[in-house]
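[1] got a sequence here, can you model it:
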Amino acid sequence: MKILNASDAKRQFGEVLTKAQRGPVGINRNGKPIAVVISASEYAQIEALKEAHLKLAIEAGLADLQAGRFSDGETVIDRLRQRVNSDE
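    Numbers count the residues shown, from 1 in each chain. Predicted structure coming up:
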């Protein structure tokens, strides 16, 4: 991944957009990463993957509900308290 500092990215914005069509362009400020510029098609792919992952998680949750694998809120809170207390 090509890395630019923020002031260079600002001065060369058109070139940053062109480079982003070939691959991600990282932008650093004060030596720390602050952003990555990607092409619109890469962004669309990422969003599609996120949506597919969410759909699978929802389907798994619905299957758990239908199979009776769930807990009420009070039980969940009690289990969380036990975990917190055992970590101390």
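
[2] which element is the most centrally placed residue in the chain on?
    For the chain, the residue nearest the mean C-alpha position is Lys50 (8.0 Å; CA atoms, centre = their mean). Taking DSSP states H and E as the definition, one finds Lys50 inside helix 40-66.

[3] list the buried residues in that helix.
    Of the residues in helix 40-66, none count as buried by neighbour count, 16 or more other CB atoms under 10 Å. C-beta coordinates here come from the backbone N, C-alpha and C atoms, glycine included.

[4] if we can go back for a sec, need the pLDDT of the residue nearest to the centre of the chain.
    Lys50 carries a pLDDT score of 98 in this model.

[5] then Ser7?
    If you check Ser7, the pLDDT there is 97.

[6] tell me what the host helix or strand of it is packed against?
    Taking DSSP H and E as the criterion, Ser7 maps to helix 6-11. With contacts taken as 3 or more CB pairs under 8 Å, 6 or more residues apart in numbering; DSSP states H and E, helix 6-11 sits against strand 25-29.

[7] output the contacting helices and strands for the helix holding Lys50.
    So helix 40-66, by 3+ CB pairs under 8 Å, 6+ apart, packs with no helix or strand.

[8] following that helix, which helix or strand comes up?
    helix 73-87.

[9] returning to that earlier point: check which residues of the helix holding Ser7 are buried.
    For helix 6-11, the neighbour count (16+ other CB under 10 Å) marks Ala9 as buried.
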